[in-house]
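1. Pasting the sequence and the predicted model now:
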Amino acid sequence: MKESGRAFRVWLAAALFLGLLGGPSSAAETPEPISDCVECHARETPLIVNDWKLSRHSANDVGCASCHGGDHRSAEAAEKAGLTTHEVCAQCNDGQVEQFKKGKHALAWAAMKAMPTFHWQPMTLTEGLKGCGGCHKQGLKTEEEVKELKKDSPGFGLASCDVCHTRHLFSKVEARQPQACRTCHMGIDHPQWEMYESSKHGVRYLLKQSGKLPESAAAPTCQTCHMQEGDHAVRTAWGFLAVRLPMPENDQWASDRATLLKALGVLDPQGNPTPRLDVVKKADVARLTQEDWQAERDKMLRACSQCHSTRFAQGELEKGDRMIQEADRLMAEAIRVVAELYEEGVLAKPENYAYAFPDLLTFHDAPTVIEQKLFLMFLKHRMRAFQGSFHANPDYALWYGWSAMQRDLTEIKELAGNMRRPSGQ
């Protein structure tokens, strides 16, 4: 049985070499033996060869041409080396790729390009992958986009799978560590790593990694909660922006959330849906039905209940919900202050805004100090308030989140008051 499995893998590699299974190589080409690739690359890129030798691909005779095709046979033909995509990975890992395609990571590239002022940014930051694109590259891309990116960008991450299973080791062990998520899930708008690392969950796991706690000790990783049973469709109940439908029964919270939805541009100032709502639906950044939200909440409850009582886990998740409600109260008040300045003519509506209402998705392109303050309140401090709660980090929820929002609101009100005063007073 073991020999027949090895024979199949050898056949699969050969089939990929010849293009029979839709791989990157041409059926008319005869692949170079693995030994020929290794002999050359051991001189030119020795650590790539070293990683491949340590990989399960090497152990199962999956060679270079399986992923890169058989057209690159000399240094002069280096540009003919195929750039791998998720379809290539799916030849052997179709289940994981299908799961991935259903999750939010698959939509990362499209979500970045959907931002209203995306095209204003330096291409080095976006398509050059030195800013937004450095993480959003994980999202699925068209064949044409991949070709364009290959011209000026490093290959890393364009296959999607290799963002977490980094090449050429492609290690499952690496991808299962919380540090695998750290590169992207950190920083101004989503500091999940910082929250996790300094929470009791993170502390316990880092102590396990250092050998201070036994391997069998309970200590969740990012994957424990967000990739249960290895499911690559990473989703959360509240989505990235913590706004959802249907509206809550609480009248004040419903009003506050409607204000946030207007500032996100998915409702117009009168509360009617806009074309941007369709973009949000396609990007899957928000839960838009109770059933969709509840399905993700139930999954998270199952994860928490592995270590905690169901009652305790339910209570902690509900505290996170209430923190969103408190943060929305402050955020909506600040949005309305700026909206009133537009209405009064004290603050000119930016020409690129579709409506006379703040647009939180313009990010750092907001044209005035008060609008910049509003953007940071939303994307930096509101995120910390609710994400800190769900990641069991009270200091982030309070001082970096809710307290910072309180200070933002005070400054926004003072700025608005100063703008209303006649010149010279």
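-> Now that the structure is in, tell me what you want to look at.
2. List the buried residues in stretch 356-371.
-> 357-363, 365-366, 370-371 (16 or more other CB atoms under 10 Å). The way it works is simple: take the backbone N, C-alpha and C, and place the C-beta from them, glycine included.
3. ditto for stretch 35-42
-> By 16+ other CB under 10 Å, the buried positions in stretch 35-42 come out as 37-38, 40-41.
4. Contacts for it next, please.
-> 48-49, 52, 63-65, 75 (CB atoms under 8 Å, 6 or more residues apart in numbering).
5. which among those residues end up buried?
-> Using 16+ other CB under 10 Å, the buried members of those are 49, 52, 63-65.
6. got those residues as CSV, with pLDDT, distance to A263 and secondary structure columns?
-> Output for the buried ones among the contacts of stretch 35-42, formatted as CSV (pLDDT from 0 to 100; distance: CB to CB, whole Å; DSSP: H, G, I helix; E, B strand; the rest coil):
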residue, pLDDT, distance to A263, secondary structure
V49, 93, 52, helix
W52, 94, 49, helix
G63, 89, 53, coil
C64, 89, 50, helix
A65, 88, 51, helix
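7. which among the residues you listed gets closest to H226?
-> Distance to H226, by CB to CB, is smallest for W52 among the buried ones among the contacts of stretch 35-42, at 29.0 Å.
8. Do I have it right that that closest one meets S58?
-> Yes: the pair W52 / S58 is scored as a contact, 5.3 Å apart, by CB atoms under 8 Å.
9. can you give me the helices for the stretch 101-250 of the chain?
-> Assigned by DSSP state H, counting those that start in this stretch, the stretch 101-250 of the chain shows helices spanning 108-114, 132-136, 143-152, 172-175, 179-182, 192-198, 200-209, 222-226.
10. Mind checking the pLDDT average for the helix or strand where C89 lies?
-> Assigned by DSSP states H and E, C89 belongs to helix 86-101. Here helix 86-101 scores 94 as its mean pLDDT.
11. If we go by neighbour counts, what in that helix is buried?
-> Quick answer for helix 86-101 (16+ other CB under 10 Å): 86-93, 96-97, 99-101.
12. Over to stretch 293-302?
-> 293, 297, 299-301.
13. What is the nearest of these to D278?
-> For the buried residues of stretch 293-302, the nearest to D278 is W293 (19.3 Å; CB to CB).
14. returning to that earlier point: so which of the buried residues of stretch 293-302 sit within helices?
-> 293, 297, 299-301 (DSSP state H).
15. Present those residues as JSON lines; the columns should include pLDDT.
-> Output for those, formatted as JSON lines (pLDDT from 0 to 100):
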{"residue": "W293", "pLDDT": "97"}
{"residue": "R297", "pLDDT": "97"}
{"residue": "K299", "pLDDT": "96"}
{"residue": "M300", "pLDDT": "97"}
{"residue": "L301", "pLDDT": "97"}
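16. Let me have these in a markdown table, extended by distance to S171.
-> Output for those, formatted as a markdown table (distance: CB to CB, whole Å):
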| residue | distance to S171 |
| --- | --- |
| W293 | 34 |
| R297 | 32 |
| K299 | 26 |
| M300 | 27 |
| L301 | 31 |
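17. Out of those residues, flag the one nearest to A81.
-> A81 has its nearest neighbour among those in K299, at 40.1 Å by CB to CB.
18. Who are the contact partners of the nearest residue to the closest one once chain neighbours are set aside?
-> Computed as CB to CB, 6 or more residues apart in numbering, the closest residue to K299 that is not its neighbour in sequence is Q228, at 6.3 Å. By CB under 8 Å, 6+ apart, Q228 lies in contact with 299, 302-303.
19. shaky segments in the stretch 51-200 of the chain?
-> In the predicted model, the stretch 51-200 of the chain carries pLDDT under 70 at residues 153-156.
20. SS state for Q372?
-> helix (DSSP: H, G, I helix; E, B strand; the rest coil).
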